[in-house]
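Colleague: Just to be clear, the model below is a prediction. Sequence and coordinates:
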Amino acid sequence: MTSFSGKVAVVTGAGSGMGRDLAIQLVGKGAKVAISDMNPAGLAETERLVKAAGGEVHSALLNVAEREAVLDYAEQVVDHFGVVNIVFNNAGIAYHGEIERTEFKDFERVMDVDFWGVVNGTKAFLPHVIASGEGHIVNTSSLFGILSEPGQAPYNSAKFAVRGFTESLNQEMRVAGHPVKVTCVHPGGIKTAIARNATVAQGYDQKSTAALFDKYLATTSSSKAAEIILKAVERNHSRVLVGADAKFLDLFVRITASYYIPIVAKVTKTALKRAKLTPSQAKVG
């Protein structure tokens, strides 16, 4: 996949943030896009921006956690464009809270969207991507698919699972000799609405969590993130780290191996004492 010109790209979670910027930049590179999201207003705005950029677009409301809906959506997109070359399984949600205070339903909700949404999108579109003769699957994991952090167990679990799933898919496409490349994306702190839209364990202040993320940890713009991701896809990279924080912490984990676990725990505990915050108020998405 050295060029997006004339290709058909599917982008989930396109109603804001990285998904919106991926869609806009893809049409700028000559691609046609199928965009989806659960937010009607956000999706409509992305559709407007894509059309204003001169792009051809198919837009649909979609919950990626609903498997049958995703399977039907894949058929709709193929019926509309005739082919699908690239799929960006980008939709995701965040949650903040310690395991002992997190309900089972909260684990399930995050896993349904962040992990099963990726599996659903991959399985639904993979036959069509293979049939295209030149395809690419791009799955969004996270920096938290490389290292874990206190208060992020549901999100860590989903994003580590995405990483494992995507790396297995990459290997299987190579073994089978299919004309499909696979990229796993690990964004660090990106300036999107994910923290502001996150849910939290009962008794925690969601606004404080989001404000902390936006002020100190969201260091890369969603536009820059999309640019980095598309460049990695053009170069057929199997993995892409988005942001200086992702690159630094990836190196940190490689150097320290499992010793990163007590180090991160200690740093987090110290930071909480200094800020006089509860653990979940200091977490990021």
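Modeller: Nice, I can see it. Numbers count the residues shown, from 1 in each chain.

Colleague: can we go C-alpha only for contacts and neighbour counts from here?
Modeller: Fine.

Colleague: pretty sure Lys140 contacts Cys184?
Modeller: Careful, residue 140 is Thr; it's not Lys. Yes. Under the criterion of C-alpha atoms under 8 Å, Thr140 makes contact with Cys184 at 6.0 Å.

Colleague: Comparing the two, which residue is more hemmed in?
Modeller: Cys184 (27 against 24; other C-alpha atoms under 10 Å).

Colleague: where in the stretch 1-150 of the chain is pLDDT low?
Modeller: Applying pLDDT under 70 to the stretch 1-150 of the chain picks out residues 1.

Colleague: the strands in the protein, which residues?
Modeller: Applying DSSP state E to the chain gives strands spanning 8-11, 32-37, 57-61, 86-89, 95-96, 135-140, 180-187, 190-191, 199-200, 220-221, 239-242.

Colleague: And Val233, how close does it get to Val33?
Modeller: 16 Å (C-alpha to C-alpha, to the nearest Å).

Colleague: tell me the contacts of Ala158?
Modeller: 110-111, 114-115, 145 (C-alpha atoms under 8 Å, 6 or more residues apart in numbering).

Colleague: what sits against Gln25?
Modeller: Gln25 touches 226-227, counting by C-alpha under 8 Å, 6+ apart.

Colleague: Just the buried subset of the contacts of Ala158, please.
Modeller: Buried members of the contacts of Ala158, counted by 16 or more other C-alpha atoms under 10 Å: 110-111, 114-115, 145.

Colleague: Turn those into JSON lines, including distance to Phe4.
Modeller: Listed next are those as JSON lines, based on distance: C-alpha to C-alpha, whole Å:
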{"residue": "Val110", "distance to Phe4": "31"}
{"residue": "Met111", "distance to Phe4": "31"}
{"residue": "Asp114", "distance to Phe4": "26"}
{"residue": "Phe115", "distance to Phe4": "26"}
{"residue": "Gly145", "distance to Phe4": "27"}
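
Colleague: and these, which of them are in helices?
Modeller: Val110 (DSSP state H).

Colleague: Look up the closest residue to Met111, ignoring the ones flanking it.
Modeller: Leaving out its chain neighbours, the residue that sits closest to Met111 by C-alpha to C-alpha, 6 or more residues apart in numbering is Ala158, at 5.3 Å.

Colleague: Can you read off the pLDDT for the one you found?
Modeller: Listed pLDDT for Ala158 reads 98.

Colleague: any idea how far it lies from Asp106?
Modeller: 12 Å.

Colleague: how about the helices in the stretch 51-200 of the chain?
Modeller: With DSSP state H, counting those that start in this stretch as the criterion, the stretch 51-200 of the chain has helices at 67-81, 104-110, 116-131, 153-176.

Colleague: which one of those has the most crowded surroundings?
Modeller: Comparing those by mean neighbour count (mean count of other C-alpha atoms under 10 Å), helix 116-131 ranks first with a mean of 21.

Colleague: list the helices and strands that one packs on?
Modeller: Where contact means 3 or more C-alpha pairs under 8 Å, 6 or more residues apart in numbering; DSSP states H and E, helix 116-131 is packed against helix 67-81, strand 86-89, strand 135-140.

Colleague: And the ones you listed: which comes nearest Glu100?
Modeller: Among these, strand 135-140 comes nearest to Glu100, with 27.2 Å by C-alpha to C-alpha.

Colleague: elements contacting that closest one?
Modeller: strand 86-89, helix 116-131, helix 153-176, strand 180-187.

Colleague: Distance to Thr46 for the ones you listed - can I get that in CSV?
Modeller: Formatted as CSV, the helices and strands packed on strand 135-140 follow (distance: least, C-alpha to C-alpha, whole Å):
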stretch, distance to Thr46
strand 86-89, 15
helix 116-131, 20
helix 153-176, 25
strand 180-187, 21
